[in-house]
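**Q** dropping the sequence and predicted coords here.
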Amino acid sequence: MTQLPVARERPVARVSPPLAAGQLAEWDAILDARSPAEFAEDHLPGAINCPALDDAERALVGTVYKQQGAFEAKRLGAPLVAANIARHIATQFAQKPRHWRPLVYCWRGGSRSGSLTHVLRQVGWDAAQLEGGYKAFRRQVAADLEAMPARFSFRVVCGATGSGKSRLLEALAGTAAQVLDLEALAAHRGSVLGELPGEPQPTQKAFETAIWSALSAFDPASPVFVESESKKVGNLRVPEALIARMREGDCLRLEAPPEVRSALLLEDYAHLVADPALLREKLSCLAPLHGSERIDRWNALAARGEWGALVSDLLAAHYDPAYHRSLFRNYRGVATAALVPVTDASRESFRALAEAIAAAPT
């Protein structure tokens, strides 16, 4: 009797946390086998979503598991997982060479990532599964963000609203300087008017992963430039250990004349100038602090297009007092901060400032 050949089993290779950011870069791809909703909440840096089950399928299998038990859930889920993995191989992975090395994970390093890793290895790719999955990575990020900030010295860019702090950080990032731009990572400018048009904020977990990824790439021997943020950027919280370490840092204080501040703010908030209804909605949030009479006056200035007067009044009545109270209370280095005059709103001027600051001895 002729015996059929039996395919040799290729055992699943596993990678154990903790992970360094540099380790992730060693893989050709990071494959997230979780559902799209799980992926959207947060994922490993650079990961690609290759769901073993989509959101509806995951919900269905979970319901069957709770109502009928593990066997029935697996019997339902197995063909769904098989079909999804087949589709990924036929589309996303169709052109991958034999030496392609992906790292695969799911929520806890269980059946979803195990199934995908197994099939990829049977094809011949050197795939590995992340032990503990995203859950283990998330624990690592939380632990690292408690310890990592202490390794760095921060140079804190201070200055009144409209003095160009974000513009300077952007320019510094174009030099050899290390920049942690929390507002860019949070997709928010940090004030009641600070929402970015058409760009929702990430989740808290995704924000923390982005901070972890940025800090992981920095050299502790060189300073990290950061803006003098409060504990929250929009709806997101800055990790406690990070904000505490930032508040111990040396400060640079930008000083800009009123006309430069106005020009910078009108450029940064052009979407509000173009959308009076949205501006009125945002200004209404300040009514508990300033009363309806002042809000009505600001709305009237906007309606007449008197933007310079509106900006001046907002700065004098709201932003400057609040910023100075917070700054001097929270950042101990501001009293002895080096002053940086900002005389021009142009990006060329900020590039020159950034190059001078980056080249100065620390």
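**A** Ah, there it is. Since this is a predicted model, take the numbers as computed values, not measurements.
**Q** the spatially closest residue to Gly124 that is not a sequence neighbour - how many residues pack around it?
**A** Closest residue to Gly124 apart from its sequence neighbours, by C-beta to C-beta, 6 or more residues apart in numbering: Arg98 at 5.8 Å. Placement of C-beta: from N, CA and C, glycine included. Using other C-beta atoms under 10 Å, the number of residues around Arg98 comes to 8.
**Q** ok, Arg98 to Cys50 distance?
**A** 19 Å (C-beta to C-beta, to the nearest Å).
**Q** returning to what we had before: helix, strand, or coil at the residue nearest to Gly124?
**A** For Arg98, the assignment made with DSSP: H, G, I helix; E, B strand; the rest coil gives coil.
**Q** now do the phi/psi pair for it.
**A** Dihedral angles of Arg98 (phi, psi; degrees, to the nearest 10) stand at phi -60, psi -30.
**Q** cool, the one 10 residues further on as well?
**A** Dihedral pair for Arg108: phi -130, psi 20, per degrees, to the nearest 10.
**Q** just the pLDDT at the nearest residue in space to it that is not next to it in sequence, thanks.
**A** Among residues not flanking Arg108 along the chain, Gly133 sits closest, at 4.6 Å (C-beta to C-beta, 6+ apart). Looking at Gly133, its pLDDT is 96.
**Q** OK, contacts around Gly133?
**A** Gly133 sits next to 105-110, 113 when contact means C-beta atoms under 8 Å, 6 or more residues apart in numbering.
**Q** buried among these? Need that as a selection in PyMOL.
**A** Taking 16 or more other C-beta atoms under 10 Å as the burial criterion, the selection of buried members of the contacts of Gly133 in PyMOL is written as:
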select buried, resi 105+106+107+109+113
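**Q** and of the contacts of Gly133, the nearest to Lys282?
**A** Among those, Trp107 lies closest to Lys282 (C-beta to C-beta), at 38.0 Å.
**Q** report the contact partners of that closest one.
**A** Residues in contact with Trp107 (C-beta under 8 Å, 6+ apart) are 34, 38, 133-135.
**Q** which among the residues you listed count as buried?
**A** Of the contacts of Trp107, these count as buried by 16+ other C-beta under 10 Å: 34, 38, 133-134.
**Q** now render those as JSON lines, adding secondary structure.
**A** Formatted as JSON lines, those follow (three-state DSSP):
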{"residue": "Arg34", "secondary structure": "coil"}
{"residue": "Glu38", "secondary structure": "helix"}
{"residue": "Gly133", "secondary structure": "helix"}
{"residue": "Tyr134", "secondary structure": "helix"}
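**Q** let me see the confidence value for Ala359.
**A** So, for Ala359, pLDDT stands at 87.
**Q** ignore the last one, Thr2
**A** For Thr2, the pLDDT comes out at 48.
**Q** the closest residue to Tyr65 other than its chain neighbours: how many residues sit nearby?
**A** What sits nearest to Tyr65 in space, not counting adjacent residues and going by C-beta to C-beta, 6+ apart, is Ala73, at 3.7 Å. For Ala73, the neighbour count with other C-beta under 10 Å is 18.
**Q** and Phe39, by the same measure?
**A** Around Phe39 there are 19 residues (other C-beta under 10 Å).
**Q** can you name the residues that contact the closest residue to Pro276 other than its chain neighbours?
**A** Excluding its sequence neighbours, the residue lying closest to Pro276 (C-beta to C-beta, 6+ apart) is Ala302, at 6.0 Å. By C-beta under 8 Å, 6+ apart, the contact set of Ala302 is 276, 279-280, 283, 310.
**Q** pLDDT weak spots in this protein?
**A** The chain contains residues with pLDDT under 70 at 1-12, 362.
**Q** domain-wise, how is it divided?
**A** The record's domain split for the chain, according to automatic domain parsing, is 13-141, 152-359.
**Q** tell me the secondary structure for Pro197?
**A** Assigned with three-state DSSP, Pro197 falls in the coil class.
**Q** if anything else comes up later, I'll come back, but that's it for now.
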